[in-house]
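[1] Dropping the sequence and predicted coords here.
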Amino acid sequence: MANKRNRTAGLVLAAAVLGILVWRPTVLIYGLQAAGLYASIAIPMGLILGIVHIVNLAHGEFMMAASYLTYTICRASGMDPYLALLPVAAVTAAFGFLVYRLTIRRALKAPELNQLILTFGLAILLTQAANLLFTSQTRKLSFEYVSASVDIGDLSFGVYNFVFVAIAVAMVVGLRLFLTRTKAGKAALAVGQNPRGAAIVGIDVDRAYALTFALASAMVGLMGAVFITRSSIFPAVGSPFTMKSFCLIAMAGIGNIPGILASSVLLGVSENFLKAFRGTREWADIVFFVLIISVILGRSIRGKKA
Amino acid sequence: MKRTLVALALIAAAAMAFGQGTIKIGATWPLADITGKQGSMAAQQAVDEINKAGGILGRQLELIVIDDELKADKGAAAIEKLVTVDNVDVIIGGMASGVALGQVPAMKKYGKVVVSTGAASYKVEEALGKDADWYFHLHPWDYNQGASYVQGWDEIQKKFPNIKIKKIFLAYEEGAFGKASWDATKTLFGAGNRYVIDGASFKSAALGGGDYGAMLEAAKMFKPDLFLWAGYDADALPMLEQAKAMKFSPGIYLGAPPGWPVGFGTSRLSENVMLYGMWAPSINNVSPVSKKFYDGFVAKFKAEPATYFAPLSYSAVYIVADAIKRAGSTDTAALIKALEATKYESPLGQTITFTPGNIIKHQGVKNQKILQWQMGRQEVIWPFESATAKPVYPFPKWK
């Protein structure tokens, strides 16, 4: 019965995808590109939330700081952001480790509101520091490859943003391998599932948290370096992505990293589907909240039934 | 006895001088924003220049700036403080219309002379009403700007017959700024069916957006002669990059953000992009006042003025100082009379006078300029009297 239902759902989905592809292929193209961006920013936040169990409201600001670091390195050396990617990720990993040791660690047993205030304070600190150092004027590095395009008949579309899809998929696969195949990853996963139990069997919980925070910060740093190839940066550039990331994690369910990717695809395609119609172009933000409310409500109803 | 008399005379002179004190100019700008920050810097530059030249009426000028943080309540509180605590003689500054709307009740309560550098929304003018004779508005209202664009494009097409505009597409950001631009464009360019107008909204990168694919697709299908986008500086380069990827090259590609990103002119994509604005460093070539302002700003702050708010704020101080000098005092009635007679050759490349707006009595600048990025510089192409270059047309096809 369940198999039949799944098959029907799959067929409906395939028919919908095919229909959209024929009618307006750019809905899928731009939808997937947007999904890649959303997911690759949200996944590191999902990692922290899933293992350290803390909502990092400075998540977007970490990315913003990494983007400014990349900008500074590239402007000074003429280096491409893809070459600056690894040093930036290393710096943000060290920064994340320090932030964890100096602040987050001390608030882990505090009420959740205190944790939120702490990370919110970090967000303000980073934004204002960027404002003082770089002013509020926007900055952008311009590269020819960002405008790479493909022509199919009369249709011309940019392909560069598919890089975010690749990054998101690499993050999901990489994290899966890390969490299931390495000793440190397995320890982090155990700590995320049951910190007290993990401590009893001899896992260093604090170390696992620090490692997770540093790893997630490195991933955000990597994203910050790539982000500047696509977008302008300014001190407040990160904050909308914090909210979006948090909502995608809520849609996927805490700890469900592949689910973040799926939620992002749903969101990206839905947004671009609405943008394709003149009358619904401005509804993209509404669909975001409608999807979150629907998914969370659906999950809670299913939970009650179970 | 003689010594005592001299001492008494000195004390009396000092007391008189102290009583006179400085002429206090109060100002509000959003200081975390480059536009507001540079506005306050340029105003201080003007104050320093005037003080160095001996001040006004034998008194030094003092600029007291309060950060309005781009918030209406903070802006209103700043006006209260400037008037009641700092006892300023005149108020200048301002940037966002939303903040100005919050400040209007406090301004009305005290009736201090205000020389405003910001607020483009006609709603601020409606809030002020026709009796606000103490309010002098330097920045053009939104309807002034729209009307000047229509005039500008008419004159450009007349002078350069190869430039032909029939279809206009407006890409506007989803916020109040974009929607007001869309309404104004439909009203002004749509009148008399001379132009065919279409448009689409986009979420600005400044507000977490930055995906222009759907909007550009609609624009490409419309095949406009003039593509105009109303958004923020964060949209400038990413939108061009996506337009290039989609091979969208209209006859005229024009941006109307309040400012441009750092180094926009150094990007190859910027070449021949047109823009609306009030000032550019190229005006130094045709205006000695602009050159004096620009050189002074760069020497003092080791940075270029990023937007026209810097020369506009600089102008506000000079206009106030000149009016106080002619009025012979800071008395409100005398100052209003003197300001009404203002004829100030500004760094904007035009002489500022005050004439009635749709509602208020004292409107300063009424037109914007049409400029074009050429070889990394913003060149003025209209009005022709302050033009620094001829328009390059059409916008080249992407290679």
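    Good, I have the coordinates.

[2] Could you export the helix-or-strand element of chain A with minimal mean pLDDT as CSV, CA atoms only?
    Using mean pLDDT, DSSP states H and E, helix A:2-23 stands out as the lowest-scoring helix or strand of chain A, at a mean of 75. Coordinates of each C-alpha in helix A:2-23 appear next as CSV, following Å, rounded to 0.1, in the frame of the first residue of the first chain:
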residue,chain,number,x,y,z
ALA,A,2,2.8,2.4,1.1
ASN,A,3,4.8,1.4,-2.0
LYS,A,4,1.9,2.1,-4.3
ARG,A,5,1.4,5.5,-2.6
ASN,A,6,5.1,6.3,-2.9
ARG,A,7,5.1,5.3,-6.6
THR,A,8,2.1,7.5,-7.3
ALA,A,9,3.8,10.4,-5.5
GLY,A,10,6.9,9.8,-7.5
LEU,A,11,5.0,9.7,-10.8
VAL,A,12,3.2,13.0,-9.9
LEU,A,13,6.5,14.6,-9.0
ALA,A,14,8.2,13.4,-12.2
ALA,A,15,5.2,14.6,-14.3
ALA,A,16,5.4,18.0,-12.5
VAL,A,17,9.1,18.3,-13.1
LEU,A,18,8.7,17.4,-16.8
GLY,A,19,5.8,19.8,-17.2
ILE,A,20,7.8,22.7,-15.7
LEU,A,21,10.9,21.7,-17.8
VAL,A,22,8.8,21.9,-21.0
TRP,A,23,6.8,25.0,-20.0
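
[3] now that helix, how far from the chain's geometric center?
    Centroid separation between helix A:2-23 and its chain, computed with Cα atoms, centre = their mean, to the nearest Å, is 27 Å.

[4] That helix near chain B anywhere?
    No: Helix A:2-23 lies apart from chain B when judged by Cβ under 8 Å from any Cβ of the partner chain; the minimum separation is 13.1 Å. Heads up, the C-betas are built off the backbone N, CA and C, glycines and all.

[5] Going by neighbour count, list what's buried in that helix.
    Buried positions in helix A:2-23, judged by neighbour count with 16 or more other Cβ atoms under 10 Å in any protein chain shown: A:I20.

[6] helices or strands up against that helix?
    With contacts taken as 3 or more Cβ pairs under 8 Å, 6 or more residues apart in numbering or on different chains; DSSP states H and E, helix A:2-23 sits against helix A:25-51.

[7] average pLDDT for the helix it packs on?
    Averaged over helix A:25-51, pLDDT sits at 94.

[8] Next secondary structure after that helix?
    Proceeding N to C from helix A:25-51, the next assigned helix or strand is helix A:59-77, under DSSP states H and E.

[9] hang on, the earlier thing: show me what the least confident helix or strand of chain A is in contact with.
    With Cβ atoms under 8 Å, 6 or more residues apart in numbering or on different chains as the test, helix A:2-23 has contacts from A:27-28, A:269, A:273.

[10] Widest-spaced pair of these?
    With Cβ to Cβ as the measure, no two of those lie farther apart than A:L28 and A:F273, at 9.0 Å.

[11] does B:G199 have beta-bridge partners, and which?
    With DSSP bridges as the criterion, B:G199 is bridged to B:L170.

[12] what sits against it?
    B:G199 makes contacts with B:169-172, B:182, B:185-186, as judged by Cβ under 8 Å, 6+ apart.

[13] wait, which of the residues you listed is closest to A:P81?
    B:A171 (27.0 Å).

[14] ok, now how distant is that closest one from B:P250?
    From B:A171 across to B:P250, the span is 11 Å (Cβ to Cβ, to the nearest Å).

[15] Next: B:P238.
    Per Cβ to Cβ, B:P238 is found 17 Å from B:P250.

[16] which residue sits closest to B:A206, ignoring its sequence neighbours?
    Once flanking residues are discounted, B:A206 sits nearest to B:Y232: 4.0 Å by Cβ to Cβ, 6 or more residues apart in numbering or on different chains.

[17] how about the one you found, what does it touch?
    Under the criterion of Cβ under 8 Å, 6+ apart, the contact list for B:Y232 reads A:138, B:173, B:204-206, B:257-258.

[18] what residues does the stretch 1-150 of chain B put near chain A?
    Counting by Cβ under 8 Å from any Cβ, the residues of the stretch 1-150 of chain B close to chain A are B:32-34, B:37.

[19] Apply 7 Å and report the result again.
    Contact residues, the stretch 1-150 of chain B versus chain A (Cβ under 7 Å from any Cβ of the partner chain): B:32-34.

[20] So which of the residues you listed is surrounded by the most neighbours?
    Within the residues of the stretch 1-150 of chain B next to chain A, B:I34 tops the neighbour count with 26 neighbours, counted by other Cβ atoms under 10 Å in any protein chain shown.

[21] which residues touch stretch A:263-275?
    Identification of contacts with stretch A:263-275 by Cβ atoms under 7 Å, 6 or more residues apart in numbering or on different chains yields A:27-28, A:30-32, A:34-35, A:38-39, A:42, A:248, A:251-252, A:280-281, A:283-284, A:287-288, A:291, B:214.

[22] Could you find the closest non-adjacent residue to the closest residue to chain B within the stretch 151-300 of chain A?
    With Cβ to the nearest Cβ, the shortest gap between the stretch 151-300 of chain A and chain B falls at A:P240, namely 2.6 Å. Nearest non-adjacent residue to A:P240, counting by Cβ to Cβ, 6+ apart: B:G208, 2.6 Å away.

[23] The one you found - how many residues pack around it?
    By other Cβ under 10 Å, 18 other residues sit near B:G208.

[24] give me phi/psi at whatever residue of the stretch 151-300 of chain B ends up closest to chain A?
    When distances are taken as Cβ to the nearest Cβ, the stretch 151-300 of chain B reaches nearest to chain A at B:G208, 2.6 Å away. Torsion angles at B:G208 (phi, psi; degrees, to the nearest 10) stand at phi 100, psi 0.

[25] I'd assumed A:G238 was in contact with it.
    No: assessed by Cβ atoms under 7 Å, B:G208 is found out of contact with A:G238, at 9.5 Å.

[26] Now do B:K247, the pLDDT please.
    pLDDT, B:K247: 93.

[27] can you check A:A306 too?
    On pLDDT, A:A306 comes in at 66.

[28] now A:G255
    According to the prediction, A:G255 has pLDDT 85.

[29] in what helix or strand does it lie?
    Assigned by DSSP H and E, A:G255 belongs to no helix or strand.

[30] what's the distance between the closest residue to A:N161 other than its chain neighbours and A:R230?
    Of all residues not flanking A:N161 in the chain, A:Q33 sits nearest, at 3.7 Å (Cβ to Cβ, 6+ apart). Noted for A:Q33: a distance of 10 Å to A:R230, by Cβ to Cβ.

[31] list residues touching both of these two?
    Joint contacts of A:Q33 and A:R230 (Cβ under 7 Å, 6+ apart) are A:N161.

[32] any idea how chain B splits into domains?
    Here the domain assignment for chain B is B:2-140+B:285-352, B:143-277+B:369-386, based on automatic domain parsing.
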